[in-house]
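1. Give me a model of this one.
(one chain, ligands or ions: 2)
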Amino acid sequence: PVKVTKICCIGAGYVGGPTCAVIALKCPHITVTIVDLNKARIDAWNSPDFSLPIYEPGLVDVVRQARGRNLFFSTDVDKGIEEADLIFVSVNTPTKKSGVGAGFAADLNYVELATRRIATVARSSKIVVEKSTVPCRTAESMRTILEANSKPNCRFDILSNPEFLAEGTAISDLLSPDRVLIGSLQSPEGIDACESLKEVYANWVPQERILTVGLWSSELSKLAANAMLAQRISSVNALSAICEATGANIDEVANAIGYDSRIGPKFLRASVGFGGSCFQKDILNLVYLSESLHLPEVAAYWRQVVEMNEYQKRRFSKRVVDTLFNTITGKRIAVLGFAFKADTGDTRESAAITLIKDFQSEKAFVNVYDPQVESEQIWMDLQEASPLMPLETIKKQVSICSSALEACKNAEAVVIATEWKEFKDIDWEAVYAGMNKPAFVFDGRLLVDAERLRKIGFRVTTIGRPSAVA
Ligand code: NAD
Ligand code: UDX
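-> Ligands and ions are numbered 1, 2, ... in the order given. As a prediction, the model looks like this:
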């Protein structure tokens, strides 16, 4: 097997950046260059004051230690490719917006462009690693493109190495992963390439956590893992609706079922709905795959996970309107949190976007506060959610605030959309004093101590608990 000394990563996003920064940290003998076409993003990765393009706890420390030593960020994609023995393809694979499979299939254009660039530029053999999440058998297409365009004496070996990190905990997930999965062709060359990548991870990951499998199993395992995780949340959210209607408490139910060692306690937190760039996209991808394989029942089964999530978001906005005496027209609602989960500035598919859009269509005024999301991003997301509405009109209804306290001032209701720890600890007495009465709190994240808030005077509605008790 080739001993890897130079790695190039194409795509300096949420996955490429943290993943290759950790590889550089743990493998000082390997030079790691992360390249991207987006100059602003690369400039931010290179910024002297470490104002990196993504917020991730612990990331700055990793970059601080490795940048300039054996970790480099560059817009020179071709040079990065030329010099490397191993190339990670870590570009975005969003859901297609038009054409065949629109709304379901993954848009593989970026993967294909990156692959073609590798074929054009490479003058020596490379191991090409598919890091992006892709439909089953994409590696086959990559191999065909590379082989059809390669120069003499250039061989390409393709590996699949899906990434399982979760945002907000990316660095600890990367430092001690549950497992690293490497898929390869089961030919002698494929197995050798797999060994080369395995050796990189073995610098810090215990051997028994590095799983090696066939290419197609590896690709499908990534979609399967996300589908199963999302399915758990939709299951618990479906149960939260039953709890609200019966008087059961979703926290108690989740705790009770989580004690069963076959179910386990993690990832059973009822919420206003899952968000993030992965779950919905990857399930829709699986749905599309199932349909293409003429398995409509399998497709319908997985599609329901996404439909339940949509229902959960709608149900929550409706509960807000119902509780506020069936109208929120002209009322001010404070939305705390805009990121799709705590400890990230990422807003892709965030439930907060849907909630705010619903409140806008009920003609309410909305105050938003998030500790990490930039205002520009909020405006972009709200504009994208209502493409027909001029931004000026949106800005008449929505204000972005610089603290939770400011957002809650003169509001009729507070809606907790993201589980930022600071929302638990805000001065709720002061919030109450500044609000119109009766003052309502809607906890979409099971975050606050409802009893304590009720003692202050709030009317509290919590996901997965009946309103009657509130
Ligand atoms: P991202 O959009 O943050 O980053 C992708 C980057 O690739 C962008 O900066 C873009 O400019 C760059 N790019 C696109 N085409 C390029 C090209 N031809 N040459 C150079 N640069 C190019 O995306 P992400 O969140 O990092 O996701 C990347 C992949 O990883 C996706 O397939 C995603 O499904 C998967 N994934 C994401 C997560 C997550 O938590 N975000 C977790 C696991 C897997
Ligand atoms: C997910 C997978 O966890 C990760 O393995 C994969 O690599 C990428 O997709 P991510 O989307 O970053 O990671 O975060 P995750 O922690 O999975 O949360 C996704 C969404 O589900 C968030 O909106 C979160 O708030 C929500 N969630 C999570 C719940 O509503 N309840 C839970 O119990 C857990």
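
2. ok, how many other residues are close to the closest residue to ligand 2 within the stretch 301-450 of the chain?
-> Per C-beta to the nearest ligand atom, Lys341 is where the stretch 301-450 of the chain lies closest to ligand 2, at 3.7 Å. For every residue, glycine as well, the C-beta is placed using N, CA and C. Applying other C-beta atoms under 10 Å, we find 21 residues neighbouring Lys341.

3. Could you report the pLDDT at it?
-> For Lys341, the pLDDT comes out at 98.

4. wouldn't it be in contact with Glu167 here?
-> Yes - the pair Lys341 and Glu167 passes the contact test of C-beta atoms under 8 Å, sitting 6.8 Å apart.

5. and the stretch 151-300 of the chain, which of its residues are near ligand 2?
-> Within reach of ligand 2 by C-beta under 6 Å from any ligand atom, the stretch 151-300 of the chain has these residues: 163-167, 226, 229, 233, 267-269, 271, 274-276, 278-279.

6. which regions of the chain lie under the pLDDT threshold?
-> 468-470 (pLDDT under 70).

7. could you pull out the strands for it?
-> Remark: strands assigned in the chain by DSSP state E are 6-10, 31-35, 71-74, 86-89, 126-130, 156-160, 180-184, 210-214, 332-336, 365-369, 398-400, 413-416, 440-443, 459-462.

8. Let me have these in TSV, extended by mean neighbour count.
-> Shown next, in TSV, are the strands of the chain (neighbours: other C-beta atoms under 10 Å):
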stretch	mean neighbour count
strand 6-10	26
strand 31-35	24
strand 71-74	22
strand 86-89	26
strand 126-130	25
strand 156-160	25
strand 180-184	24
strand 210-214	16
strand 332-336	26
strand 365-369	23
strand 398-400	18
strand 413-416	26
strand 440-443	25
strand 459-462	23
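
9. right, so of these, which gets closest to ligand 1?
-> strand 6-10 (4.8 Å).

10. follow-up on the earlier one: what about ligand 1: which of the residues of the stretch 151-300 of the chain next to ligand 2 touch it?
-> 163, 165, 167, 278.

11. Grab the nearest non-local neighbour of the third one.
-> Distance criterion C-beta to C-beta, 6 or more residues apart in numbering; nearest residue to Glu167, sequence neighbours excluded, is Thr344 at 4.3 Å.

12. Break the protein into its domains for me.
-> Domain assignment for the chain by automatic domain parsing gives 6-205, 306-462.

13. Would you mind saying which of those domains lies nearest Glu297?
-> Proximity to Glu297 (C-beta to C-beta) singles out domain 306-462 among these, at 15.2 Å.

14. before we move on, back to that, shared neighbours, Lys341 and Glu167?
-> With contacts taken as C-beta atoms under 8 Å, 6 or more residues apart in numbering, Lys341 and Glu167 have Gly276 as neighbours in common.

15. can you count the residues close to Asp76?
-> The burial count for Asp76: 13, using other C-beta under 10 Å.

16. before we move on, what about Val2?
-> Val2: 16 neighbours (other C-beta under 10 Å).

17. now swap in Asp192 and tell me
-> Asp192: 14 neighbours (other C-beta under 10 Å).

18. Quick one: residues contacting it.
-> So Asp192 contacts 1-2, 157 (C-beta under 8 Å, 6+ apart).

19. hang on, Ser74 packs against Thr31?
-> No - Ser74 lies out of contact with Thr31 (C-beta under 8 Å); the separation is 11.8 Å.

20. Look through this structure and tell me its longest helix.
-> helix 215-246 (DSSP state H).

21. How far off centre is that one?
-> How far helix 215-246 lies from its chain's middle: 15 Å, per C-alpha atoms, centre = their mean, to the nearest Å.

22. who does it touch, helix- and strand-wise?
-> helix 138-149, strand 156-160, strand 180-184, helix 250-258, helix 279-292, helix 296-323 (3 or more C-beta pairs under 8 Å, 6 or more residues apart in numbering; DSSP states H and E).

23. coming back round to it: check the gap between the residue of the stretch 301-450 of the chain closest to ligand 2 and ligand 1 for me.
-> Distance of Lys341 to ligand 1, given as C-beta to the nearest ligand atom, to the nearest Å: 10 Å.

24. Report the contact partners of that residue.
-> Lys341 is in contact with 167-168, 275-276, 418-419, counting by C-beta under 8 Å, 6+ apart.
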